[in-house]
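>>> Structural data only, the sequence is not supplied:
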């Protein structure tokens, strides 16, 4: 078993104890969120970044803990590469599915701290007019385990819909270079 699979298995095992308590919760106690913002891939020669979207549902486990799932998609931008007289374009994106534990601090502007394991489907789609073989090392098509952590700043006052600012980071353990993804999103919690 590869190191990446071991990391993912350990992270999932650490998250599993919260599931039985969450399963006993009524549907009416479920809450969700939608977020839109900016994401940036932090690797060598990474593009400038672009659109980030996320949706998630969670259930209460205790008074200050919730457990849930997030589904996110990021358009990370394009990069043009020249080798000799030939050019190629690489469009980066990722799809992320995460199992998260959410801690709800009682005080301060940070109202939610989320962390957990994730699966990231990373793409670096190659577009070449000629000489594609010389650029094949730039293409990325891989699903890998990841770690995700994020904080959400929002008002403490109860409301049917709360607007927050979510700041997060993901580390995806790809076979080649690991991907570090940073995101800042406006979120709507309901």
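Yep, that arrived. No experiment lies behind these values; they were computed from the predicted model shown.
>>> what ranges do the strands span in the protein?
Assigned by DSSP state E, the chain shows strands spanning 31-42, 50-60, 65-83, 86-103, 110-128, 140-154, 162-172, 179-189.
>>> got TSV for these, with mean pLDDT and mean neighbour count too?
No exception for glycine: its C-beta is placed from N, CA and C like everyone else's. Converted to TSV, these look like this (pLDDT from 0 to 100; neighbours: other Cβ atoms under 10 Å):
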stretch	mean pLDDT	mean neighbour count
strand 31-42	94	18
strand 50-60	95	19
strand 65-83	89	18
strand 86-103	90	19
strand 110-128	90	19
strand 140-154	93	19
strand 162-172	96	19
strand 179-189	95	20
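>>> residues in contact with residue 171?
By Cβ atoms under 8 Å, 6 or more residues apart in numbering, residue 171 lies in contact with 146, 147, 178, 179, 180, 181.
>>> Could you point out which of the residues you listed is nearest to residue 53?
Among the contacts of residue 171, residue 181 lies closest to residue 53 (Cβ to Cβ), at 13.1 Å.
>>> wait, that closest one sits on residue 73?
No - Residue 181 lies out of contact with residue 73 (Cβ atoms under 8 Å); the separation is 11.6 Å.
>>> Name the residues contacting each of these two.
Taking Cβ under 8 Å, 6+ apart as the contact rule, the neighbours common to residue 181 and residue 73 are residue 94.
>>> if we can go back for a sec, closest to residue 77 out of the contacts of residue 171?
residue 181 (11.9 Å).
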